[in-house]
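Asker: model the structure of this input:
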Amino acid sequence: MTEYKCFACNKLVADTYIKKKIRCPYCGSRIIFKPRSSITKVKAR
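Answerer: Numbers count the residues shown, from 1 in each chain. As a prediction, this is how the structure comes out:
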């Protein structure tokens, strides 16, 4: 199950809702993105 976030209200939106409409169910915004995990950089010695 993929998680998406609304750009305007920053709430999580289920992918099942995205398949029906591309709008946030909370605020109605059309800008929805898939958050990426942060990358940890390690310095080599």
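Asker: every contact and neighbour count from this point should use C-alpha atoms.
Answerer: OK.
Asker: neighbours around Cys24, how many?
Answerer: Using other CA atoms under 10 Å, Cys24 has 24 neighbouring residues.
Asker: next one, pLDDT for it please.
Answerer: Cys24 carries a pLDDT value of 90.
Asker: now do the one 4 residues further on
Answerer: pLDDT recorded at Gly28 is 90.
Asker: the helices in the chain, which residues?
Answerer: Using DSSP state H, the helices found in the chain span residues 15-20.
Asker: okay, and the helix or strand of it with the least pLDDT?
Answerer: Ranked by mean pLDDT, DSSP states H and E, the helix or strand of the chain with the weakest confidence is helix 15-20, at a mean of 80.
Asker: could you export that one as PDB, CA atoms only?
Answerer: Extracted in PDB, the C-alpha atoms of helix 15-20 (Å, rounded to 0.1, in the frame of the first residue of the first chain):
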ATOM      1  CA  ASP A  15      -3.800   5.100  -2.700                       C
ATOM      2  CA  THR A  16      -7.300   3.600  -3.100                       C
ATOM      3  CA  TYR A  17      -8.800   7.200  -3.000                       C
ATOM      4  CA  ILE A  18      -6.200   8.400  -5.600                       C
ATOM      5  CA  LYS A  19      -7.500   5.800  -8.100                       C
ATOM      6  CA  LYS A  20     -11.000   7.300  -8.000                       C
END
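Asker: in it, what's buried?
Answerer: Judged by neighbour count (16 or more other CA atoms under 10 Å), helix 15-20 contains no buried residues.
Asker: how far off centre is that helix?
Answerer: Here the centre of mass of C-alpha atoms in helix 15-20, compared against the chain's by CA atoms, centre = their mean, to the nearest Å, lies 12 Å away.
Asker: use 10 as the first number for this chain going forward.
Answerer: Got it, the first residue is 10 from now on, which makes the last one we talked about helix 24-29.
Asker: give me the helices and strands touching it, please.
Answerer: Under the contact criterion of 3 or more CA pairs under 8 Å, 6 or more residues apart in numbering; DSSP states H and E, the helices and strands touching helix 24-29 comprise an empty set.
Asker: how about Arg32: what's its closest non-neighbour residue?
Answerer: Arg39 (4.6 Å; CA to CA, 6 or more residues apart in numbering).
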